[in-house]
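>>> Kindly return the folded structure for what I paste below:
(one chain, ligands or ions: 2)
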Amino acid sequence: METLTLPGANLAHGTVKLPGSKSISNRTLLLAALAQGTTEIHELLASDDTQRMLEALQTLGIVLTQIAPHQWRVEGSSGSFPVRQAKLFLGNAGTAFRPLTAALALSQGDYELSGIARMHERPIGDLVDALNAAGASIEYLQNPGFPPLHIHPAEINTSQALQVRGDVSSQFLTALLMALPLTGMEARIEVVGELISKPYIEITLNLMRRFGVKVLRDEWRAFTIPARSIYQSPGSIHVEGDASSASYFLAAGAIGQGPVKVEGVGRDSIQGDVRFIEALELMGAVVTTGDNWIEVSAVPGKLKALDLDCNHIPDAAMTLAILALFADGPSTLRNIASWRVKETDRLTAMATELRKVGAIVEEGSDYLRITPPAALLPNAHIDTYDDHRMAMCFSLVALGGVPVTINDPKCVAKTFPDYFERFSTLIHISNSSI
Ligand SMILES: O=C(O)C1=C[C@@H](OP(=O)(O)O)[C@@H](O)[C@H](O)C1
Ligand SMILES: C=C(OP(=O)(O)O)C(=O)O
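Residues are numbered from 1 along each chain as shown. Ligands and ions are numbered 1, 2, ... in the order given. The predicted model follows:
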């Protein structure tokens, strides 16, 4: 197995230009493919997750042309994929698998969707139930409730409201919202149970609006897509920098004094994970923001311990678990049960690996309580469980002045292939500590 050992460091400063947002990139690609007209996408993320979406759309007959490293031209299909029979491999990209399941279930074709082994353990039953109740014909090829899936042609009827559970993944609601305009009929979606990860729905609604479809809503309970809603290309669209990827660098600024500046995302971002900076402020870091940048610094010494409901920032919350190692007491991250069904069981993985650097960790069903060690244990070998965020988070341990080894560092390719190169430009050792 490949490993990467990061030397201990104690300062972090510098500027990083962020890669494009995964959530915005994959939504934009799908909406551009379904729209009338041609869309130029700027600053598209280049990573495994976006590669899976690009390949899938190409297989479905969409014409995609790369015109520069992060710039693509997408010829829209006016709501109907040219290819009516296909097998798609979607890796471990939730933002490709869930939305494509819904779009293809409404496309009168014959499709098989599969992914890596872990994707076949990630639930999709709530989305399949909602679609099949509206007339879709989706069959499980292995275990009920999980990919891989076989989608058969079917007549869809939206005269009854579609009901979807919201407490396992918000991506099911996102998938229905993005796909239902394909029917041309009015459609109402009712959310059953508490909706998690709410800010991701705002990203979905925002991008649908930019493609000309305005969804009516009753807060978080119900959403109505008007009859004859048609996606229209906005011409060109710019992808913001990834706010979840930003969290590692911003955390580095808080641990290693800073200033660390990220460019590509700012105070008016449509991504919920920018609210990670509120947690940094609660921990005592100093945050300044502009239209397209965020900067973090901190006075040397301990950060303040945190007790936070993290449901609105499920991805950036993993970075808070590492910041807790540098706090002045135990921190509690609450309402993060969804961690169990992501790239790995992140509650167990995080607890296991935090213990390797000396933390005392209580793993609840939906929370973590992390007591920092008096001194971080050096030379920990961190398992990453094919989870990009485990690898990126644990790089921050090096800023505690101890070497840390990241096992299988290339798993960062899911969303951030050159993460470690950029991280290493920020970290330094002060002269006084040599
Ligand atoms: O819609 C999206 O782009 C995402 C939604 C979140 O998932 P859940 O809704 O499953 O929490 C998040 O964790 C994921 O990385 C991206
Ligand atoms: C949960 C994640 O990914 P996905 O989009 O596959 O759900 C993630 O990136 O942290």
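
>>> how about the residues of the stretch 251-400 of the chain near ligand 1?
Applying Cβ under 6 Å from any ligand atom, one finds that the stretch 251-400 of the chain approaches ligand 1 through 314-315, 338. Glycine gets a C-beta too; all of them are placed from N, C-alpha and C.

>>> Take those and lay them out in JSON lines including secondary structure, distance to ligand 2 and neighbour count.
Converted to JSON lines, these look like this (DSSP: H, G, I helix; E, B strand; the rest coil; distance: Cβ to the nearest ligand atom, whole Å; neighbours: other Cβ atoms under 10 Å):
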{"residue": "Pro314", "secondary structure": "coil", "distance to ligand 2": "7", "neighbour count": "24"}
{"residue": "Asp315", "secondary structure": "coil", "distance to ligand 2": "4", "neighbour count": "27"}
{"residue": "Ser338", "secondary structure": "helix", "distance to ligand 2": "8", "neighbour count": "21"}
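
>>> In three-state terms, label His150 for me.
In terms of secondary structure, His150 is strand; the call rests on DSSP: H, G, I helix; E, B strand; the rest coil.

>>> can I assume it is in contact with Ala136?
No - between His150 and Ala136 there is no contact, the gap being 11.6 Å when judged by Cβ atoms under 8 Å.

>>> Quick one: the residues of the stretch 251-400 of the chain next to ligand 1 as JSON lines, columns for pLDDT and distance to Gly264 too.
Conversion of these to JSON lines gives the following (pLDDT from 0 to 100; distance: Cβ to Cβ, whole Å):
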{"residue": "Pro314", "pLDDT": "98", "distance to Gly264": "21"}
{"residue": "Asp315", "pLDDT": "98", "distance to Gly264": "16"}
{"residue": "Ser338", "pLDDT": "98", "distance to Gly264": "26"}
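
>>> Closest to Lys356 out of the residues you listed?
Asp315 (21.9 Å; Cβ to Cβ).

>>> was I right about the closest one contacting Asp273?
Yes - counting by Cβ under 8 Å, Asp315 does reach Asp273; the two are 6.0 Å apart.

>>> Which neighbours do these two have in common?
Listed as contacting both Asp315 and Asp273 by Cβ atoms under 8 Å, 6 or more residues apart in numbering are 244, 247.

>>> Out of the residues of the stretch 251-400 of the chain next to ligand 1, the closest to Thr405 would be?
Distance from Thr405 was checked for each of these by Cβ to Cβ. The minimum falls on Asp315, at 23.6 Å.

>>> The closest one: what's it in contact with?
Residues 244, 247, 273, 389 are the ones in contact with Asp315 under the rule Cβ under 8 Å, 6+ apart.

>>> Identify all contacting residues around the host helix or strand of the last one.
With elements taken from DSSP states H and E, the one containing Arg389 is helix 388-395. Helix 388-395 is contacted by residues 6, 244-245, 248, 315, 318-319, 321-322, 343-344, 346, 349-350, 353, 382-384, 404, 406, 408-409, 411-416, 419-420, 423 when judged by Cβ under 8 Å, 6+ apart.

>>> again, 6 Å this time
If you take Cβ atoms under 6 Å, 6 or more residues apart in numbering as the criterion, helix 388-395 is touched by 6, 248, 318-319, 322, 349, 382, 384, 406, 409, 411-412, 414-415, 419, 423.

>>> repeat for stretch 75-85
For stretch 75-85, the external contacting residues (Cβ under 6 Å, 6+ apart) are 34-38, 60-63, 107, 109-110, 182, 233.

>>> Same question for stretch 99-111.
Contacting residues not belonging to stretch 99-111 are listed as 30, 81, 84-86, 131, 136, 138, 151, 153, 156, 175-176, 178-179, 182-183 [Cβ under 6 Å, 6+ apart].

>>> Kindly recompute the last result at 8 Å.
26-27, 30, 34, 53, 56, 80-81, 83-88, 90, 113, 124, 127-128, 131, 136-138, 149-154, 156, 171, 174-176, 178-180, 182-183.

>>> Check stretch 116-125 too.
For stretch 116-125, contacts defined as Cβ under 8 Å, 6+ apart pick out 90-94, 97-98, 101, 114, 142-149, 168-169, 172, 341-344, 386.

>>> In strands, which of those residues fall?
Residues of those located in strands (DSSP state E): 114, 149.

>>> now the contacts of stretch 116-125: which count as buried?
For the contacts of stretch 116-125, a burial check counting by 16 or more other Cβ atoms under 10 Å picks out 90-94, 97-98, 101, 114, 146-149, 168-169, 172, 342-344, 386.

>>> Now, those that are in helices?
In helices, judged by DSSP state H, the following of the buried ones among the contacts of stretch 116-125 are found: 94, 97-98, 101, 172.

>>> tell me which of the residues you listed is nearest to ligand 2?
Minimum separation from ligand 2 among those (Cβ to the nearest ligand atom) is found for Gly94, which lies at 2.7 Å.

>>> Go ahead and confirm the closest one touches Phe172.
No - Gly94 is not in contact with Phe172 according to Cβ under 8 Å; the separation is 10.1 Å.

>>> residues in contact with Arg27?
Residues counted as contacts of Arg27 (Cβ under 8 Å, 6+ apart) are 95, 99, 174, 178, 203-204, 207.

>>> returning to what we had before: in TSV: the residues of the stretch 251-400 of the chain next to ligand 1, plus distance to Pro226.
Conversion of those to TSV gives the following (distance: Cβ to Cβ, whole Å):
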residue	distance to Pro226
Pro314	31
Asp315	32
Ser338	31
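
>>> what subset of the contacts of helix 388-395 is also close to ligand 2?
When the contacts of helix 388-395 are filtered against ligand 2 using Cβ under 6 Å from any ligand atom, the residues retained are Thr415.
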